[in-house]
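> sequence first, predicted model second:
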Amino acid sequence: MTATGLSIKAATLWLPPDKKGPAEGELTAADFERIGLSELYVAPDDIAPPQMAVLAAKSTLEKSGVEPNSVGSLVHTFSYHQGFDMWSPAHYIAYHAGITDALPVNVQQCCNGGAVALQIAAKWLVATPGTSTVLVTSGDRFAGPGFDRWSTDDDAAYSDSATAVLLGRTGEGEDFLHLRALEMVTDTTWEVQMRGSAAFSSVPLGHGAPMSLRPANQEFRESGAAAEMVKALVPKMHDLIQRALRTAGIKTGDLSCIALPRLTRTVREGMFKPALGELIGPDHHYLDYDTGSLGAGDPLANLVAVEAALEPGQYGMVIQGTGGLTFSCSVVQAPEK
C-alpha cells in the first residue's frame, strides 16, 4: 500500500502507574534471562481495557487539537477480553471519547492488530476524501484467572496498556510523524501455530484457565513446522522490508532506528535481529523497551517510541508480526522543523 500524503497527527501510549514481578518461585533464573524483564505494567482491577483506551483516545485528541466529532472513524484493536463476552468495545470508546457519529470498527489480529487497524485507517482516508482523520485505539489487560501474563505464552510476557493514534492528511494541522509506507505479508500455511491439534471449544476458555499457548507452541516446534516456517519466513520478511523501503523512497542506510515486536529477549535476539541483519547489516539502532508485549498495541506503542528517538527529518521502521501468519512493516519520518 502507498501511504504517501498521510501523517500521524498525535499518538499516546497509556501505561498503568504500577509494575509488578511474578509470584515468588513462579519463574526460574533461566526464565528471567529468556524474557529479559523482571517486572511488567499491571492495571488496577477497577479499569477495563476499553476504559484505558478512552484515556488514550482523549489524550491523543487533546494533543492534536482535533474536535472529536470531526473524526471519520474509530478503529479499535485488541488481543484479549474487553470486559464483556459479546459487544462492541469500539462503540463504547468512541462514545466516551466524544465521537458520536463516526463508524466504530473492531479489529482482532493479536500482536499485529495495531498495524492492521492503522492500515484500515489509511485506506479509509484514501477511499473517503471527505474524511480528515481516523482514530486508531488499542487496549488490553492480561489479568487472571483467564490469563497468566508471565506464563501463558513462552514467546512473550505481557503488560497492560492502551494506545491511541490519530491518522490524517499531511499538512492539515500539525504532523507528529509522516507515514511513508505500511506494507504487509501473509502466509496462512502456518495458521495452526497458535492452536495446535486441540479440538475447537464451544465456550470462552474452554481449553482451561489460565489459557496456555505453550502446548501448541511445543507441538509446532517438535513437529519441525517451526523450523520450516522460519526458513520460509525470512525471504518473505526481506521482501516485505524492501517493499516498504521502495514505497518510502529510501534505503536501509537512511534508517535511524528500528522497532521490533515486544517479544522475549530470546525471540528478538535469536530470531529477528539475525534475520534482519542478513538484509540490512548488523549496525542498526534497535529500540529497547521495559514493557514486554502489549498485545495488539505493540506496533502503535512502537510508533510513539520511534518518534521519541528521531530527530527532524530522520526515518524509523516498525516491524510487527503475529501467528497465523502476518507480518507488517511501517516506515515513518519525523517532520522537518
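That came through, no problem. Just so it is clear, the model here is predicted, and its values are computed rather than measured.

> from here on, just use CA atoms for contacts and neighbour counts.
OK.

> could you dump the longest helix along the chain to PDB, C-alpha only?
In the chain, taking DSSP state H as the definition, the longest helix is helix 225-248. Extracted in PDB, the C-alpha atoms of helix 225-248 (Å, rounded to 0.1, in the frame of the first residue of the first chain):
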ATOM      1  CA  ALA A 225       7.000 -26.900  11.500                       C
ATOM      2  CA  ALA A 226       8.600 -24.100  13.400                       C
ATOM      3  CA  ALA A 227      11.900 -24.600  11.600                       C
ATOM      4  CA  GLU A 228      10.100 -24.800   8.200                       C
ATOM      5  CA  MET A 229       8.200 -21.600   9.000                       C
ATOM      6  CA  VAL A 230      11.300 -19.600   9.900                       C
ATOM      7  CA  LYS A 231      13.000 -20.900   6.700                       C
ATOM      8  CA  ALA A 232      10.000 -19.700   4.600                       C
ATOM      9  CA  LEU A 233       9.500 -16.500   6.600                       C
ATOM     10  CA  VAL A 234      13.000 -14.900   6.200                       C
ATOM     11  CA  PRO A 235      12.800 -14.300   2.500                       C
ATOM     12  CA  LYS A 236       9.200 -13.000   2.900                       C
ATOM     13  CA  MET A 237      10.300 -10.700   5.600                       C
ATOM     14  CA  HIS A 238      13.200  -9.400   3.400                       C
ATOM     15  CA  ASP A 239      10.800  -8.800   0.500                       C
ATOM     16  CA  LEU A 240       8.400  -7.000   2.900                       C
ATOM     17  CA  ILE A 241      11.100  -4.700   4.200                       C
ATOM     18  CA  GLN A 242      12.300  -4.000   0.600                       C
ATOM     19  CA  ARG A 243       8.800  -3.100  -0.500                       C
ATOM     20  CA  ALA A 244       8.400  -0.700   2.400                       C
ATOM     21  CA  LEU A 245      11.700   1.000   1.700                       C
ATOM     22  CA  ARG A 246      10.800   1.300  -2.000                       C
ATOM     23  CA  THR A 247       7.400   2.800  -1.100                       C
ATOM     24  CA  ALA A 248       9.100   5.300   1.200                       C
END
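
> list the buried residues in it.
Of the residues in helix 225-248, 225-226, 229, 233-234, 236-238, 240-245, 247-248 count as buried by neighbour count, 16 or more other CA atoms under 10 Å.

> from the chain's centroid, how far away is the helix or strand following it?
Sequence-wise, the next helix or strand downstream of helix 225-248 (DSSP states H and E) is strand 255-259. Strand 255-259 sits 16 Å away from the centroid of its parent chain (CA atoms, centre = their mean, to the nearest Å).

> correct me, but residue 22 touches residue 148?
No - counting by CA atoms under 8 Å, residue 22 sits too far from residue 148 to count as a contact (9.6 Å).

> for the nearest residue to residue 186 once chain neighbours are set aside, grab the count of nearby residues.
Nearest residue to residue 186 in three dimensions, chain neighbours excluded: residue 326, at 4.3 Å (CA to CA, 6 or more residues apart in numbering). Residues lying near residue 326 (other CA atoms under 10 Å) number 22.

> what sits against residue 326?
Contact analysis of residue 326 by CA atoms under 8 Å, 6 or more residues apart in numbering lists 112, 184, 185, 186, 187, 188.

> can you tell me how far it sits from residue 116?
10 Å (CA to CA, to the nearest Å).

> which elements pack onto the longest helix of the chain?
When contacts are defined as 3 or more CA pairs under 8 Å, 6 or more residues apart in numbering; DSSP states H and E, helix 225-248 sits against strand 177-186, helix 273-280, strand 326-333.

> now do it against helix 273-280, angle only.
On the basis of axes from the mean of the first three to the mean of the last three CA atoms, to 10 degrees, helix 225-248 is oriented at 40 degrees to helix 273-280.

> which residues touch helix 225-248?
1-2, 4, 180-185, 190, 220-221, 251-252, 275-276, 279, 327-331.

> test my guess that residue 310 contacts residue 334.
Yes - assessed by CA under 8 Å, residue 310 is found in contact with residue 334 at 6.3 Å.

> higher neighbour count, these two?
Higher neighbour count among residue 310 and residue 334: residue 334, with 22 against 19, using other CA under 10 Å.

> now do the contacts for that one.
176, 177, 178, 307, 310, 311, 312, 313, 314, 315.

> now name the helix or strand holding the fourth one.
So that's residue 307. Assigned by DSSP H and E, residue 307 falls in helix 298-309.
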